[in-house]
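S.K.: Coordinates for the following, if possible.
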Amino acid sequence: MTNRQPKLWTKDFIITACAAFFVSFVFHMLMVTMASYAVHTYNATTSEAGLAAGMFIIGALVIRLFVGYLIEMFGLKRMLRISLLIYILSSFLYFLEVNLAFLLVNRFLHGAGMGMATTVTSTIIAHIVPPQRRGEGIGFFSLSPVLANSIGPFVGLLLSQYFGFSPIFALSLVLSFIGLAISFILRIPLTSAPKTASTRGIHLSNFIEPKVVPVCLMILIGGFCYSGVVSFLSFYAQEVGVVKAASVFFMVFAVAILLSRPFTGRLFDIKGANFIMYPAIILFAAGMMLLSTAQNGVTLLLAGAIIGLGYGNIQSITQTLAVHLSPPHRIAMATSTFFILLDVGFGFGPYILGMFVPYTGYGQLYFLLSFVILRTL
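M.R.: Numbering: from 1, shown residues only. The predicted structure follows:
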């Protein structure tokens, strides 16, 4: 008698992963082009252009404070379609060149749609993946934003350079429509739970899942440290003279995650979280330490691969643990909590770390962050 594992790559799994990819692709494609669009179209200052790009993240963070509660109240299916409709509306509104304030409001709205969609799709995956393959399933699913992070900026910069901004908005609109269309053939599990006293009135549990906060603090610290790489790598590369290698740093980072994820997710299910988490933390710290000493392109790219193996797997393992630790009817809130703490670390990290750069320099900053990471062990 054979002990066959339940199927992972179902139609619903693939559709949800595709929808998540489209959402993340649009986000990354617009993120790298929005500042230049604001300057080109509205003569925005540098700070205003930065706000136009960053308002997306602010919108996502604000809505994530409420989206777990909204999912519990209205269900996954309705919230997924609302989020994709917001994506469609926002993509269309980019064509209306009104003024900078209008653009900022639309960016906030678009970010809210992204915050909803990423939380909803992650929650759907947590419900449809067999519990005994949850580490593997969430690991594979989380490759969607990794791929989007690699391809989206490339497509956005290519289109803006050769064709202008309208094709970018058109592609955003098309992908949003496709995401909405495929959502209608997606079988979304019913997750509604009886309304208890905790869901009436204003309670902390209406916004986050307290049980998963200790685990999710790991992704807050990880996102905080990794934000220093995303924000300052180009300046560091110029300083040490490895600009050419820096242009493919995040591609190497993504490839390392892609190659490791099929193994790490399965090992999580077989051996448990600590078997992956502790080596991942050590690799993340080692990658940051190596990055701090980079004086040539080979060292820089090797650091990118090691950081990918470390931080990339910390992210997926933490998300899986958050799902494991929450009751079935609170998975949406646990997923929302994970993204809230990730956004806080990743969003505020560049501002806080930027205050230390004049005193430490970029290399020394990365060296110090490696010890911050090790402190989580």
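S.K.: looking at it, residue 237 is touching residue 245, isn't it?
M.R.: Yes: between residue 237 and residue 245 there is a contact under Cβ atoms under 8 Å: 7.2 Å. Heads up, the C-betas are built off the backbone N, CA and C, glycines and all.
S.K.: what do these two both touch?
M.R.: residue 300 (Cβ atoms under 8 Å, 6 or more residues apart in numbering).
S.K.: Quick one: low-confidence residue ranges for this protein.
M.R.: Along the chain, the parts satisfying pLDDT under 70 run over 1-4, 189-206.
S.K.: Tell me which residues of stretch 212-223 come out buried.
M.R.: In terms of neighbour count (16 or more other Cβ atoms under 10 Å), stretch 212-223 has its buried residues at 212, 213, 215, 216, 218, 219, 220, 221, 222, 223.
S.K.: How about stretch 31-51?
M.R.: Of all the residues in stretch 31-51, those buried under the rule 16+ other Cβ under 10 Å are 31-38, 42, 44, 48-49, 51.
S.K.: got it, and stretch 258-274?
M.R.: For stretch 258-274, by 16+ other Cβ under 10 Å, it's 260, 261, 264, 265, 266, 267, 268, 269, 273.
S.K.: What are the contacting residues of it?
M.R.: 132-140, 142-143, 146-147, 275-276, 280, 308-309, 312-313, 316-317, 320-321.
S.K.: what about 7 Å?
M.R.: For stretch 258-274, the external contacting residues (Cβ atoms under 7 Å, 6 or more residues apart in numbering) are 132-136, 139-140, 143, 146, 275-276, 309, 313, 316-317, 320-321.
S.K.: For PyMOL, what selects the buried ones among these?
M.R.: To isolate in PyMOL the members of the contacts of stretch 258-274 that are buried, counting by 16+ other Cβ under 10 Å, one can use:
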select buried, resi 133+134+135+136+139+140+143+146+276+309+313+316+317+320+321
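S.K.: Could you tell me which of the contacts of stretch 258-274 belong to helices?
M.R.: When DSSP state H defines the helices, the subset of the contacts of stretch 258-274 inside them is 134-136, 139-140, 143, 146, 275-276, 309, 313, 316-317, 320-321.
S.K.: how about residue 159, what does it touch?
M.R.: So residue 159 contacts 167, 168 (Cβ under 7 Å, 6+ apart).
S.K.: Roughly how far does residue 21 sit from residue 147?
M.R.: 6 Å (Cβ to Cβ, to the nearest Å).
S.K.: State the helix or strand in which residue 59 lies.
M.R.: Assigned by DSSP states H and E, residue 59 belongs to helix 46-74.
S.K.: with the buried residues of stretch 258-274 in mind, which one is nearest to residue 366?
M.R.: residue 260 (21.7 Å; Cβ to Cβ).
S.K.: if we can go back for a sec, and which of the ones in helices among the contacts of stretch 258-274 is nearest to residue 110?
M.R.: residue 146 (21.2 Å).
S.K.: Now do the SS call for residue 8.
M.R.: coil (DSSP: H, G, I helix; E, B strand; the rest coil).
S.K.: Could you number the chain from 27 rather than 1 from now on?
M.R.: Noted, 27 is the first residue going forward, which turns the last one into residue 34.
S.K.: With residue 383 as the reference, measure out to it.
M.R.: To residue 383, residue 34 is 44 Å away according to Cβ to Cβ.
S.K.: Residue 47 and residue 173: which is more packed in?
M.R.: Between residue 47 and residue 173, residue 47 has the larger neighbour count (other Cβ atoms under 10 Å), namely 22 against 17.
S.K.: Excluding sequence neighbours, find me the nearest residue to the more buried one.
M.R.: residue 170 (4.2 Å; Cβ to Cβ, 6 or more residues apart in numbering).
S.K.: Look at the one you found and say how many residues are nearby.
M.R.: Neighbours around residue 170, by other Cβ under 10 Å: 23.
S.K.: Next: residue 357.
M.R.: Around residue 357 there are 26 residues (other Cβ under 10 Å).
S.K.: now swap in the one 10 residues further on and tell me
M.R.: Burial of residue 367 is recorded as 26 neighbouring residues (other Cβ under 10 Å).
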